[in-house]
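Trainee: Here is my input; please provide its structure:
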Amino acid sequence: MASSAAVELFTLSDDRNISYAIYGDHDSSRTIFYHHGYPSSHEEAIFCDDLAQQRGIRLISVDRPGMASSTYQPNRRLLDWPVDLLALADHLKVDRFAVFGVSGGGPYAIACWHQIPRSRCVGLGIMSGLYPTNLGASGMLLLSRAIFWTAQWSPWLVGQLLELGIGPTARSTEDLEKRLGDSMKSRSRADREAWDNSPPSFRQGLVRGLRGAFEQGPDGVGWEGRIYGSDWGFGLDEVKVEPGRVVLWHGDEDVNCPIAMTEKAAKLLHNAELRISMGQAHMMFATKADEALETLGKIIDRE
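Mentor: Reported below is the predicted structural model:
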């Protein structure tokens, strides 16, 4: 069984706490900030611990407001996040870093890339990422579309329903893992195989991350659903992308975040490299995370 990293807290200037955990090589200056999926929390990155250690990377997995021990922030916007992340980077004395977003962490990683000076944020990687829903949700799971739509008028209801869906299984890692495994039976063949063939640390990361998302209750999860379906506060065509700095990974069979949405996003993010994995779906990060860490590590090393 994978062991959890120690949870640490950083208090922001407005007295909110940001919780995070450090994986991989704690002494390395090659730092990547990991942005977890949805709903999830910092423990999702457990499965990257050994991979980051082998690559000589310090992987800092940060909880967004309302997740794990990060203070809930009412009415927050997507563009509020880069300010928090940069404050944490300053606190940890991280001068240069890359950002990596998985699934629902993608929008937050893009926001950081857009807002944080390139002297600090030098690389961006997104895997199985969600992009603005106004690019079209055709092919997306009905449940995901329902969440983003409902959260526009009642994020509270979305949070309550998602927490209810987890139910008493959230109190047991083993029960929740079994429930997630059972849910894979209705997913694509690629996702079922990714789950079945993944190492225990991958499944435990998803389970523990999901449990942590509701540690303080459902408000943070509900509000995040609203953020995804709302105007991000900037257009992808406004994001400056230098050649060789931004890489997007996506599976062509992904129905959580459809490939058509990603292809449109890649065209707007001029100079971004899109790597499509044929025959893989949303859970491609079970096998491709190592490639992402290696790629972002090389980007960090360029300067």
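Trainee: Okay, now the unreliable bits of the stretch 201-303 of the chain?
Mentor: In the predicted model of the stretch 201-303 of the chain, residues 303 satisfy pLDDT under 70.
Trainee: In it, what residue spans correspond to strands?
Mentor: 246-251, 273-277 (DSSP state E, counting those that start in this stretch).
Trainee: which one of the ones you listed is the most hemmed in?
Mentor: Of all these, strand 246-251 carries the top mean neighbour count, a mean of 24, counting by mean count of other C-beta atoms under 10 Å. Every residue, glycine included, has its C-beta placed from N, CA and C.
Trainee: Direction included, what does that one pair up with?
Mentor: strand 121-127 (parallel), strand 273-277 (parallel) (DSSP bridges).
Trainee: immediately after the longest one, which helix or strand?
Mentor: Helices and strands here follow DSSP states H and E; after strand 121-127, the next one along the chain is helix 142-153.
Trainee: And that next one, what does it pack against?
Mentor: Packed against helix 142-153 by the contact rule (3 or more C-beta pairs under 8 Å, 6 or more residues apart in numbering; DSSP states H and E) you find helix 155-166, helix 219-229.
Trainee: so which of the ones you listed gets nearest L78?
Mentor: helix 219-229 (5.3 Å; C-beta to C-beta).
Trainee: which residues are in contact with the closest one?
Mentor: 38-39, 64-67, 70, 72, 74, 76-78, 104, 107, 130, 133, 147-152, 154-160, 162-163, 213-214 (C-beta atoms under 8 Å, 6 or more residues apart in numbering).
Trainee: burial of I46, as a residue count?
Mentor: I46: 26 surrounding residues under other C-beta atoms under 10 Å.
Trainee: shouldn't it be in contact with G24?
Mentor: No. In this structure I46 lies outside contact range of G24 using C-beta atoms under 8 Å: 11.1 Å.
Trainee: quick one, phi/psi of L59?
Mentor: Dihedral pair for L59: phi -110, psi 120, per degrees, to the nearest 10.
Trainee: what bridges to it?
Mentor: Here L59 sits in beta bridges with Y23, I32, going by DSSP bridges.
Trainee: what's the neighbour count on it?
Mentor: Counted with other C-beta under 10 Å, L59 comes out at 28.
Trainee: and it, what does it touch?
Mentor: Counting by C-beta under 8 Å, 6+ apart, the residues that L59 touches are I22, Y23, G24, T31, I32, Y34, A45, C48, D49, A52, L293.
Trainee: how much space between it and Y20?
Mentor: Separation of L59 from Y20 (C-beta to C-beta, to the nearest Å): 10 Å.
Trainee: what are the phi and psi angles of G101?
Mentor: Torsion angles at G101 (phi, psi; degrees, to the nearest 10) stand at phi -120, psi 130.
Trainee: That one touches G123, doesn't it?
Mentor: No. In this structure, G101 is not within contact of G123 by C-beta under 8 Å, at 11.9 Å.
Trainee: low-scoring stretches of the stretch 51-200 of the chain, by residue?
Mentor: Regions of the stretch 51-200 of the chain meeting the criterion pLDDT under 70 cover residues 167-172.
Trainee: one step back: now the strands of the stretch 201-303 of the chain as CSV including distance to G229?
Mentor: Listed next are the strands of the stretch 201-303 of the chain as CSV, based on distance: least, C-beta to C-beta, whole Å:
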stretch, distance to G229
strand 246-251, 20
strand 273-277, 23
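Trainee: F202: which of those is closest?
Mentor: Minimum separation from F202 across those (C-beta to C-beta) falls at strand 246-251, 15.5 Å.
Trainee: how far does the closest one sit from the chain's center?
Mentor: 13 Å (C-alpha atoms, centre = their mean, to the nearest Å).
Trainee: orientation of the helix ranked longest in the chain relative to strand 246-251 in degrees?
Mentor: The residue-count maximum for a helix in the chain (DSSP state H) belongs to helix 285-301. When axes from the mean of the first three to the mean of the last three C-alpha atoms, to 10 degrees is applied, the directions of helix 285-301 and strand 246-251 differ by 170 degrees.
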